[in-house]
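Visitor: Here's a sequence, model it:
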Amino acid sequence: MASSGVSRKLQKLLETRSDAPDLLQALEHLGTFWPGDEYAGKNTLEARRNVREQIERQRLELNAECVELLAGVARQLDSVQHSAQLMRDGCTLMATRLNETRTVAGRLIEQAERLDHDRRVNQACLSIAGTFLEQFQLSDAETAALRGTASTSAAPALSASASTAASAAAGVGDIDEAFFAALKRLHEMHSNCRLLLRTQHQRAGLEIMDTLGLAQEAAYRRLYRWVKAECRLVQPGAVGPRLVQALDALRQRPVLVGYVLDELASSRSRLLLEQFLAALSRGGPHGVPRPLDVWAHSPLRYVTAMLGWLHQAVAEECELLAMLFVPQHQQQRHGSGGGAVVERSGSSSSAQLAADGGPAAAEVDLERALEIACEPLCRPFKLRVGQSLSVESASAASASVGGTGDPAVEAYKVAHVLDFYRRTIVDLVAQQLRRASPGGVNSSGSGSGTAATAEQQQPRTGTGTGGRQALADTLQQCKLEAMRVMHEQLKLSGDKLLRSPPRPPPSLAPPPAVFDAIARLTELVAELDK
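Guide: All right, here's what the predicted structure looks like:
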């Protein structure tokens, strides 16, 4: 049995190929158990029998070494696992914090969006408020222009003039274009407030209107004082455009315009009286023209010279009043001819004037101002006309060189001249009143029929313009006085012929006194035909 086992092993060994790679590799590895000379002489039977034990011991050593190496790897893996756990814990913490941050950031984003929306709303409200303040609030520069602080501070730098001195004396400073621009904008804001009252913001509109009303009243008071000071120095033909613009702006306050009109009329009346007395006694500068009193010996020339001066003075006063108190668009309408109406855009002066009394109110104001200005001239003129028409003056004139030789004819010529100038002055004043009327248009077609039209509108025995103009009344009274003197002279001449009729000549021809009477009547008729 044993031999069979051994035989099988021998048979197996014999069958095994000695050149097999596995066998050769195993034998080479087995040779490493006894390397070099360390194991020389140890290749014994016992050693060969303990090969298995050595192999197992070698395997155990290798396993121990492997275990030791794997223990280090295990320790490294434990360290890695610990680090991974720390990383996992850190990631979990970071995820938690990230979720918390995301929640907080979401709230912050919502709050930022809400704040951004509020910012846009506030910016829109700020823009609306700024636009509202621009529409309903004056700027600092406009407020300073209305109050006169800018012009007052700059007044010392201006050149000295009568206008500036008068304004400084009135304590209002100078009025410039900035004032009128601010006043115009003040009117626009006041008009916008009326539109604001139609909305739901009535309380704000009322408060703004109260504030603007106070500013307007202060501006108009300052403008009134400035215009009043300027009107004391104004001269015909020397009206500045700023004064005209100021009066046009002041037309929004008819009461203040009336005060200015009265002040202007009073100052002009004093100046006209001084100029008239100077023209009578002293004449012009350096004696040219000559004084009017040098013609006192001739009633006709004397009265004609005074009437010519009065006509020129009235024309200048009418032109001055029209330039100052007639709105510019009406002056352009009357000056353009053909009745063409040229309106100023944005001007409410005519509408305001019509609302405060209409055309009649404007005519009455200008007529009253002209009456006040010319009234002081009436007494010295009437006194001198009466003196020249007295019997003694007329007799002296008839004997002087250049006289007519007949006091009656001289008195009638004076009456005729007085009536002509009365109608001329009445027509001149009527033209200015029609220009002052917002609806007045000169429809006469030419200047030839104007005097006749004005005369037809007045009673033949009236006193100029219905008793409102003292100068026309005075001229009418002087005319009646001249007619009385003429009738008195004719009556005296007739009574003289009746008391002592002349003796007829031998040829029975009419006496010279009759020829003189006929010649006088012929001259009167010829003068009447003129």
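
Visitor: And for residue 131, the neighbour number?
Guide: 10 (other C-beta atoms under 10 Å). Any C-beta I mention is one placed from the backbone N, CA and C, and that applies to glycine too.

Visitor: centre of the chain versus the host helix or strand of it, how much separation?
Guide: Residue 131 belongs to helix 51-136 when assigned by DSSP states H and E. Distance of helix 51-136 from the chain centroid (C-alpha atoms, centre = their mean, to the nearest Å) equals 70 Å.

Visitor: Name the surrounding residues that touch whichever helix or strand comes after it.
Guide: Next in sequence after helix 51-136, counting helices and strands by DSSP H and E, comes helix 140-147. Applying C-beta atoms under 8 Å, 6 or more residues apart in numbering, the set of residues contacting helix 140-147 from outside is 138, 150-151, 176, 178-179, 181-183, 185-186, 215, 218-219, 222.

Visitor: for the helix holding residue 131, packing partners?
Guide: With contacts taken as 3 or more C-beta pairs under 8 Å, 6 or more residues apart in numbering; DSSP states H and E, helix 51-136 sits against helix 177-196.

Visitor: Residue 482 against residue 408, yeah?
Guide: No - using C-beta atoms under 8 Å, residue 482 is not in contact with residue 408; the gap is 10.2 Å.

Visitor: The strand or helix carrying residue 376: which residues count as buried?
Guide: Assigned by DSSP H and E, residue 376 falls within helix 358-388. With burial defined by 16 or more other C-beta atoms under 10 Å, the residues of helix 358-388 counted as buried are 359, 362-363, 365-378, 381-382, 384-385, 388.

Visitor: tell me what it is packed against?
Guide: Against helix 358-388 (3+ C-beta pairs under 8 Å, 6+ apart) you get helix 254-281, helix 299-325, helix 391-399, helix 407-436, helix 470-499.

Visitor: which of the ones you listed sits most buried?
Guide: Ranked by mean neighbour count, the helices and strands packed on helix 358-388 are led by helix 407-436 with a mean of 22 (mean count of other C-beta atoms under 10 Å).

Visitor: between that one and helix 470-499, how many degrees?
Guide: 160 degrees (axes from the mean of the first three to the mean of the last three C-alpha atoms, to 10 degrees).

Visitor: on contacts alone, who are the packing partners of helix 407-436?
Guide: Partner elements for helix 407-436 (3+ C-beta pairs under 8 Å, 6+ apart): helix 299-325, helix 328-336, helix 358-388, helix 391-399, helix 450-457, helix 470-499, helix 512-529.

Visitor: Please spell out the segments of the stretch 351-500 of the chain that come in under the pLDDT threshold.
Guide: 351-365, 391-405, 435-468 (pLDDT under 70).

Visitor: hmm, try it at 80
Guide: 351-367, 390-409, 432-469, 489-490, 493-500 (pLDDT under 80).

Visitor: what's the answer for the stretch 151-300 of the chain, then?
Guide: Using pLDDT under 80, the stretch 151-300 of the chain drops low at 151-174, 195-196, 200-202, 204-205, 235-239, 283-289.

Visitor: Now for residue 140, how many residues are close by?
Guide: What residue 140 shows, counting by other C-beta under 10 Å, is a neighbour count of 7.

Visitor: if I look at it, how far off is residue 182?
Guide: Distance, residue 140 to residue 182, using C-beta to C-beta, to the nearest Å: 11 Å.

Visitor: Check residue 271 too.
Guide: 34 Å.

Visitor: sorry, back to before: looking at the contacts of helix 140-147, state which has the most neighbours.
Guide: Going by other C-beta under 10 Å, residue 179 tops the contacts of helix 140-147 with 27 neighbours.

Visitor: what's around the closest residue to that residue other than its chain neighbours, how many residues?
Guide: Distances taken as C-beta to C-beta, 6 or more residues apart in numbering put residue 145 closest to residue 179, at 4.9 Å, once the chain neighbours are dropped. For residue 145, the neighbour count with other C-beta under 10 Å is 23.
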